[in-house]
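S.K.: Coordinates only, no sequence provided:
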């Protein structure tokens, strides 16, 4: 009875304001759930659509970060007065390539000379003759 007397003592305007507030709270809660569900669906769609783009961006950023780290390390070494090491891998590689080219050229030259000698035949061989020169020890 006590509670009903309190409600009866409120004015009509207060009761309408309370009802309006209750409706507003219910509408906001309902809209919040709808917006939250819609936002989650949109976020899931956006995430799946941009997954490939983020992978590409991560790869690029990783490559750029690695290069920046290497350059910073080289700059620090230069400021500290340390000389960069020789690129032994490139030097050894160049030496091996040079040896392979030299071997191929030598083999090709020997093969060409063998063909020329075979084409000339045995009758066209050059004959060396010893000639006595005047005034030499053999001429006396």
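M.R.: Received the coordinates, thanks. The model shown is predicted, which means the values in this text are computed figures rather than measured ones.
S.K.: count of neighbours near residue 77?
M.R.: Look at residue 77: counted by other Cβ atoms under 10 Å, it has 13 neighbours. Using the backbone N, CA and C atoms, a C-beta is placed for each residue, glycine as well.
S.K.: what does the one 4 residues further on give?
M.R.: Close neighbours of residue 81, defined as other Cβ under 10 Å, add up to 6.
S.K.: In three-state terms, label it for me.
M.R.: coil (DSSP: H, G, I helix; E, B strand; the rest coil).
S.K.: Next: residue 129.
M.R.: Assigned by three-state DSSP, the conformation of residue 129 is coil.
S.K.: Break down the chain into its helices, ranges please.
M.R.: 2-9, 12-79, 88-120 (DSSP state H).
S.K.: Give me the distance from the second one to the chain's centre.
M.R.: Taking Cα atoms, centre = their mean, to the nearest Å, one finds helix 12-79 lying 28 Å from the centre of the chain it belongs to.
S.K.: Could you dump the helices of the chain into JSON lines with distance to residue 133 added?
M.R.: Output for those, formatted as JSON lines (distance: least, Cβ to Cβ, whole Å):
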{"stretch": "helix 2-9", "distance to residue 133": "149"}
{"stretch": "helix 12-79", "distance to residue 133": "69"}
{"stretch": "helix 88-120", "distance to residue 133": "30"}
